[in-house]
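Enquirer: Generate a structure from the sequence data that follows.
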Amino acid sequence: DPFGALNTYGADAVRWYMLTNSSPWENLKFDPEGVDEVRRKFFGTLYNTYGFFALYANVDSWKPSEYSEKSEYSEIDKWILSKLNSLVKEVTEAYEAYEPTKAGRAISDFVQDDLSNWYVRLNRKRFWGGEMDADKQAAYETLYTCLKTVAQLMAPNAPFYADRLYRDLTGETVHLSEWPKVNETLIDTQLERQMYLAQQATSMILSLRKRAEKNVRQPLQKAVIPTPDQETTDALLHVADLIKSEVNVKELVIVPAEQSEIRLVKKIKPNFKVLGKKVGADMKAVAAEINTMSQDQIAQMESEGNYQLSTVNYQLVPEDVEILTEDMPGWLVANNGILTIALDIELTDELIEEGIARELINRIQNLRKSSGLEITDRIQVVLEDKPEIHNAVLHCNDYIAGQVLATSLTLAADVQGESVEMDGYNVNIQITKA
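Expert: Numbering: from 1, shown residues only. Modelled structure (predicted):
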């Protein structure tokens, strides 16, 4: 019943699901769960991004203004504006070629991966408190430009939602606006690649953390990225500080593989499903040579993107093989495409204390929200003095207080406050407006 789906999920969510799942001229097996996922992941993410923008724009009484060459944009502003103009170019070409599926997927990826999960998340502090300086103004202009342009780009596929978003931003209807034009001067492919590598490295290290059961609030000492070439080394060094802050490691070592302080042991094995179709009866001989490849030969395969076999007249390409990296004592290792990353998972007392401090910050911030305090309110905090948190509070007192806007942070034996769960134990926390 199409009308049941429309009533439950909304016309735009159903339309977006059907257009982005497969081309309109292809058969589609309708899945209500898929529609709900689109509603949550795309429309929900876009709604939350606009909500974040509107909250702080109203607090600051910010007046809408778009990108201006006179503004002082940070590198991450320039990156998202570059991605936005690349998106305008890609989506315009897709619509002109009658490819709404390609257009919708590109918009979804931009909103979820680039705008919400990367740009907004990394720039939250620029919108919090403080005066309306040039940096804050640039952040507002950048996010406003992105939201306004996304509303225009998605309008052919989701006319109702796009119009509401555009009206909330501008007071006008999206359907009478001029179609966005690409500003080629804002597209920086080198910066886009640098940030792509930062996103990829961050994702890999967070996956390693998950394997080690070390949450992101627990600092770790070191991650090492042995790179396949100088270009990748330079690109990663440019975004090293960003990666460090995202994955919460003290040191990030990025060097060409041959200069790395750690020696990774790699294994290579044939991808039978792909190779079998290419080499046929020679599969046995090809597999045998692949299994005997040395570390230098594997490195050559990674850096050059191919390897000439000697037993059979065939040149291996990346899709023909799987390259795996072995873990080392105290380290976990991940491999994805051109990137290999080793993560030191050993914890010192200092790292453990900082991890506890970050957990306390999280619990206090949650109490701030549930207490109905304004985001700019200063508070006084009293923590129950428990042995598990004692040293962390003493050594990280200023850090915790600064993060939660506390004028005082003290320990006491008897605290009449909220009981919050930590890692296997509870702590009473009392917060009052300063």
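Enquirer: what's around residue 7, how many residues?
Expert: For residue 7, the neighbour count with other CB atoms under 10 Å is 10. Placement of C-beta: from N, CA and C, glycine included.
Enquirer: scratch that, residue 132 is what I was asking about
Expert: Applying other CB under 10 Å, I find that residue 132 has 11 neighbouring residues.
Enquirer: right, and it touches residue 62 too?
Expert: Yes: using CB atoms under 8 Å, residue 132 is in contact with residue 62, at 7.4 Å.
Enquirer: quick one: low-confidence ranges for the stretch 151-300 of the chain?
Expert: For the stretch 151-300 of the chain, the stretches with pLDDT under 70 are 260-263.
Enquirer: Could you rerun that using 80?
Expert: 257-265 (pLDDT under 80).
Enquirer: Helices of that one, residue ranges please.
Expert: Using DSSP state H, counting those that start in this stretch, the helices assigned to the stretch 151-300 of the chain run over residues 159-170, 189-212, 230-238, 240-247, 272-279, 283-291, 295-304.
Enquirer: Report the distance from the fourth one to the chain centre.
Expert: For helix 240-247, the gap between its own C-alpha mean and the chain's C-alpha mean amounts to 11 Å (CA atoms, centre = their mean, to the nearest Å).
Enquirer: SS state for residue 24?
Expert: Using DSSP: H, G, I helix; E, B strand; the rest coil, the structure places residue 24 in coil.
Enquirer: State the distance from the nearest residue to residue 184 once chain neighbours are set aside to residue 97.
Expert: Sequence neighbours aside, residue 85 is the residue nearest to residue 184 in space, at 7.3 Å (criterion: CB to CB, 6 or more residues apart in numbering). Residue 85 sits 19 Å away from residue 97 when distances are taken as CB to CB, to the nearest Å.
Enquirer: repeat for residue 233
Expert: Distance of residue 233 to residue 97, given as CB to CB: 38 Å.
Enquirer: which of these two has more neighbours?
Expert: Using other CB under 10 Å as the criterion, residue 233 and residue 97 rank with residue 233 on top: 18 against 10.
Enquirer: What is the helix or strand containing residue 333 packed up against?
Expert: Under the criterion DSSP states H and E, the helix or strand holding residue 333 is strand 331-336. Packing contacts for strand 331-336, counted by 3 or more CB pairs under 8 Å, 6 or more residues apart in numbering; DSSP states H and E, involve helix 189-212, strand 321-325, strand 339-344.
Enquirer: Just name the most buried of the ones you listed.
Expert: Of all the helices and strands packed on strand 331-336, strand 339-344 carries the top mean neighbour count, a mean of 23, counting by mean count of other CB atoms under 10 Å.
Enquirer: Give me the sheet partners of that strand and which way each runs.
Expert: Strand 339-344 has these partner strands in its sheet, going by DSSP bridges: strand 220-227 (antiparallel), strand 331-336 (antiparallel).
Enquirer: what angle sits between the helix or strand that it is followed by and strand 220-227?
Expert: Taking DSSP H and E as the definition, the helix or strand that follows strand 339-344 towards the C-terminus is helix 349-370. Helix 349-370 and strand 220-227 meet at an angle of 100 degrees, taking axes from the mean of the first three to the mean of the last three CA atoms, to 10 degrees as the criterion.
Enquirer: buried stuff in helix 349-370?
Expert: Across helix 349-370, burial judged by 16 or more other CB atoms under 10 Å covers 351, 353-361, 363-364, 367-368.
Enquirer: Identify the residue spatially nearest to residue 417, adjacent ones excluded.
Expert: Nearest residue to residue 417, sequence neighbours excluded (CB to CB, 6+ apart): residue 430, at 3.1 Å.
Enquirer: whoops, residue 199 was the one
Expert: What sits nearest to residue 199 in space, not counting adjacent residues and going by CB to CB, 6+ apart, is residue 118, at 6.4 Å.
Enquirer: Quickly note the distance from the nearest residue to residue 282 once chain neighbours are set aside to residue 291.
Expert: Among residues not flanking residue 282 along the chain, residue 312 sits closest, at 4.7 Å (CB to CB, 6+ apart). Per CB to CB, residue 312 is found 14 Å from residue 291.
Enquirer: These two: which has the busier surroundings?
Expert: Neighbour count, other CB under 10 Å: between residue 312 and residue 291, residue 312 has more, with 14 against 11.
Enquirer: how close does the more buried one get to residue 145?
Expert: 55 Å.
Enquirer: and what of residue 390?
Expert: Residue 390 sits at a distance of 48 Å from residue 145 (criterion: CB to CB).
Enquirer: what about these two, which has more around it?
Expert: The neighbour count for residue 390 versus residue 145, taken as other CB under 10 Å, is higher for residue 145 (20 against 14).
Enquirer: May I have the helix or strand hosting that one as CSV, with CA atoms only?
Expert: Using DSSP H and E, residue 145 sits in helix 134-154. Provided in CSV are the C-alpha atoms of helix 134-154 (Å, rounded to 0.1, in the frame of the first residue of the first chain):
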residue,chain,number,x,y,z
ALA,A,134,36.0,36.8,12.1
ASP,A,135,36.5,33.1,12.6
LYS,A,136,33.0,32.6,14.1
GLN,A,137,31.5,34.7,11.3
ALA,A,138,33.3,32.5,8.7
ALA,A,139,32.0,29.4,10.3
TYR,A,140,28.4,30.6,10.2
GLU,A,141,28.7,31.8,6.6
THR,A,142,30.2,28.4,5.6
LEU,A,143,27.5,26.3,7.2
TYR,A,144,24.7,28.5,6.0
THR,A,145,26.1,28.3,2.4
CYS,A,146,26.3,24.5,2.6
LEU,A,147,22.7,24.1,4.0
LYS,A,148,21.2,26.6,1.5
THR,A,149,22.9,24.9,-1.4
VAL,A,150,22.0,21.4,-0.3
ALA,A,151,18.4,22.5,-0.1
GLN,A,152,18.6,23.6,-3.7
LEU,A,153,20.4,20.5,-4.9
MET,A,154,17.9,18.1,-3.3
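Enquirer: and it with helix 159-170, angle?
Expert: Going by the same axes, to 10 degrees, helix 134-154 makes 160 degrees with helix 159-170.
Enquirer: picking up where we left off before, what distance separates the strand holding residue 333 from the centre of its chain?
Expert: That offset, for strand 331-336, works out to 19 Å (CA atoms, centre = their mean).
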